[in-house]
Structure formats: C-alpha cells, structure tokens
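Asker: fold the following, please.
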Amino acid sequence: MNNKLQALLDDYKKDINILYVEDCPNTIRSMTNILSKYFINIDTALNGKIGLDMIKDNDKGFHYDVVLTDLDMPVLDGISMIKEIRKFNKEIYIVVFSIYNDPEYFIETINIGIDGYILKPFKILQFIDIMIKFMQHLDNLSKIFKTTQEKISNNESLEIKLLDDYFWDKDKLILVHNGEKIKLTKNETKLFECLSHSVTYTHSANELGSFIFEDYNCDDNSKLRNLLAKLKHKIGLSLVDSAYGIGYKLKTF
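Answerer: Reported below is the predicted structural model:
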C-alpha cells in the first residue's frame, strides 16, 4: 500500500466514489482488487452506455468523484462516453486506460477533457501516481471551498483589488479590468485561483506548478515561467510579484 496516497485519503476524510468502466470481466476483477486497497465505494460498468447511464442516474443522489475507463468497448466506446459526460459535467475526474501509443490518439483524449492517461499494460506505480494527483486535486478543491465559505460567513470581500484597476473575483474566478471581464486560459485562471488563497502568503513555484499543471515536474519550472510571461504579455503588465528562490504572490493595491 502506498503511504502517500493513504495519507491523502486519511486527510480528506470523505468517501471517494469511483466508477470503473471496462468490458473485460477479468480485468475488472484485477483492477477492483487494486482499488479496494484504498477505496470503499467502487462501481463497475461493462461498457460506455452503462457507465453513462450510471453517471446520469441522480435518483439516489449518488455522485462519482472519478471515472476510470477503457476506450475500446462495445455499445458505446470510451471516447464517446467521455464526450457525453463533458456535456453536462466538467468537474468529474476522468482517467483513461488505453493500449494506443499514438500521439494523435492521445491528443484527441486530452481535447475531450480527460485528467489522466495510462498506457496498457500499466505499472501499478503509474496508476498510484495518477490517483495521488487525483487526491491532491480533491484536496485543493476542498480547501478552496472551505476558504470561500469562511469568507462568506465572515462577510469578507471576495474581490481582490490589484494594480491598475484590475480586480480578481475569488467567487466567480474571473479577472476584471475597468468593468470588463478579461478572457483567461484554464491555467491562467488556476494561477490566480491559487495565488488568491492568501494575498500576503508567498507561494512557492512547486506549490503553484502542482496546482496548475497535471504533469508538473518540480525540477523544471519552465512551464510556470512561460505561463507568467504570456500572461504579462496579454495584460500589458505583471500582476504577480516574484522573488527569486522564494516564490510568487499577487500585486495588490
């Protein structure tokens, strides 16, 4: 059992609901044995149609936190199922298992909104790493929700005033300038979201990178630096203070 994953599960203190979609009964049994070491609530579906119906079924108020799915399945394949899911649910975490090692195929799955990709036959450590990222994702969402609710109950403003009449709305997750919403990419939004947790706290590069990028490498901060440079070019000024070797925080008014 992986200690890091178990520690994240213990800290989260909520049951995780998993749906595993796979058409091979033997593979289902093997994977369920692995999953049951960490998770209690595991449902399975033999094809994408059954999986989609289970996700849509709200009669019992049941909510899946993560979907693990194969791609080659009868009735409804994995890609078609994911496309349908993303029409009504953008938040559910989706991890794909595939035998395809084709860059174009991989890009297609990324474009339809998956959160993780595991090549078959997979190694258990690769799967554990994906699930650790999933738990870190849930942990971040939980902290954001808790902080927001605390500020609302304390009547604290959710709007942060930045330089040059820029404002960051922590509730709506939007950047506004002179009353106009600035169009941000997904990663730019996540950057502001993380930095706005505390405007006085200096966030390390690894903290920001891990929150923003699913495949972040703590030994290479080039993706974060590129994101900050493109944001500065888009806006025309830097709204993020950086201290070499220390970290980053918002430039507040």
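
Asker: contacting residues around the helix or strand hosting residue 86?
Answerer: Secondary-structure element containing residue 86, defined by DSSP states H and E: helix 78-88. Counting contacts by CB atoms under 8 Å, 6 or more residues apart in numbering, the residues outside helix 78-88 that touch it are 21, 48-49, 51-52, 55-56, 67, 69-72, 92, 94, 96, 98, 108-109, 112-114. Just so you know, the C-beta spots here come from the backbone N, C-alpha and C atoms, and that holds for glycine as well.

Asker: 7 Å instead?
Answerer: Residues from elsewhere that reach helix 78-88 (CB atoms under 7 Å, 6 or more residues apart in numbering): 21, 48, 51-52, 55, 69-71, 92, 94, 96, 108-109, 112-114.

Asker: and for stretch 38-54?
Answerer: Residues outside stretch 38-54 that contact it (CB under 7 Å, 6+ apart): 5-6, 9, 15-21, 23, 28, 32, 35-36, 69, 73-78, 80-81, 84-85.

Asker: check the residues you listed for burial and list the buried ones.
Answerer: Using 16 or more other CB atoms under 10 Å as the burial test, those include 5, 9, 16-21, 23, 28, 32, 35, 69, 73, 76-78, 80-81, 84-85 as buried.

Asker: among those residues, which lie within helices?
Answerer: 5, 9, 28, 32, 35, 78, 80-81, 84-85 (DSSP state H).

Asker: beta partners for the nearest residue to residue 174 once chain neighbours are set aside?
Answerer: Taking CB to CB, 6 or more residues apart in numbering, and ignoring the residues beside it in sequence, residue 174 has residue 181 as its nearest neighbour in space, at 5.4 Å. Beta-bridge partners for residue 181, by DSSP bridges, are residue 176.

Asker: burial of residue 181, as a residue count?
Answerer: Here the count is done by other CB atoms under 10 Å, and residue 181 has 11 residues near it.

Asker: residue 40 now?
Answerer: Neighbour number of residue 40 under other CB under 10 Å is 10.

Asker: begin at 58 from now on, thanks
Answerer: Taking 58 as the first residue, the last one we looked at is residue 97.

Asker: gap between it and residue 137?
Answerer: In this structure, residue 97 and residue 137 are 29 Å apart, going by CB to CB, to the nearest Å.

Asker: residue ranges with poor pLDDT in the protein?
Answerer: Along the chain, the model assigns pLDDT under 70 to residues 58-59, 65-66, 68-71, 115-119, 157-163, 195-215.

Asker: residue nearest the centroid of it?
Answerer: The centre of the chain sits closest to residue 194, judged by CA atoms, centre = their mean, with a distance of 5.0 Å.

Asker: doesn't that one fall inside a helix?
Answerer: Yes - following the definition DSSP: H, G, I helix; E, B strand; the rest coil, residue 194 is counted among the residues of a helix.
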